[in-house]
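Enquirer: Make a model of this:
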Amino acid sequence: MVKNIVLSAITALNEELPEGERIDPSGTTRLIGPHGTLTSLQVVNLVIHVEEGIAEHIGTELDLTVNEELFDKDGPLQTVDTLIAYLTKAVAGHHE
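Expert: As a prediction, this is how the structure comes out:
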């Protein structure tokens, strides 16, 4: 479920971007940090799309922006896969 939410969020973000700047939704795509593909505004938009998707499809309200580690170059936003893994744990921890 979380993976589908992240991929939907990337699709929504890609709809806002010019064709040459769209993000490859594959797991190893670098989002931030060295060789990252997103600008700071695009990161914020992606996080908003993810938060909305989690609220809508899982029924969990997460405020991802309160965790500053999320935005570290070595944090969960490194790649699509690391974001999915982080969110899976966050959602599971929220339901415990």
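
Enquirer: tell me which strands and helices the helix ranked longest in the chain is in contact with?
Expert: The longest helix of the chain (DSSP state H) is helix 40-57. Contacts defined by 3 or more CB pairs under 8 Å, 6 or more residues apart in numbering; DSSP states H and E place helix 40-57 against helix 2-16, helix 80-94. Every C-beta, even on glycine, is put in place using the N, C-alpha and C of the backbone.

Enquirer: How far away from the center of its chain is it?
Expert: 6 Å (CA atoms, centre = their mean, to the nearest Å).

Enquirer: Could I have the CA atoms of that helix written out in PDB?
Expert: Taking Å, rounded to 0.1, in the frame of the first residue of the first chain, the C-alpha atoms of helix 40-57 are listed here in PDB:
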ATOM      1  CA  SER A  40      13.600  21.800  -2.500                       C
ATOM      2  CA  LEU A  41      10.200  22.900  -3.700                       C
ATOM      3  CA  GLN A  42       9.700  19.600  -5.500                       C
ATOM      4  CA  VAL A  43      10.700  17.700  -2.300                       C
ATOM      5  CA  VAL A  44       8.000  19.700  -0.300                       C
ATOM      6  CA  ASN A  45       5.400  18.900  -3.000                       C
ATOM      7  CA  LEU A  46       6.300  15.200  -3.000                       C
ATOM      8  CA  VAL A  47       6.000  15.100   0.800                       C
ATOM      9  CA  ILE A  48       2.600  16.800   0.700                       C
ATOM     10  CA  HIS A  49       1.400  14.300  -1.900                       C
ATOM     11  CA  VAL A  50       2.600  11.400   0.200                       C
ATOM     12  CA  GLU A  51       1.000  12.800   3.400                       C
ATOM     13  CA  GLU A  52      -2.300  13.200   1.600                       C
ATOM     14  CA  GLY A  53      -2.100   9.700   0.100                       C
ATOM     15  CA  ILE A  54      -1.400   8.100   3.400                       C
ATOM     16  CA  ALA A  55      -4.300  10.000   5.100                       C
ATOM     17  CA  GLU A  56      -6.700   9.100   2.300                       C
ATOM     18  CA  HIS A  57      -5.800   5.500   1.700                       C
END
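
Enquirer: Okay then, goodbye and thanks.
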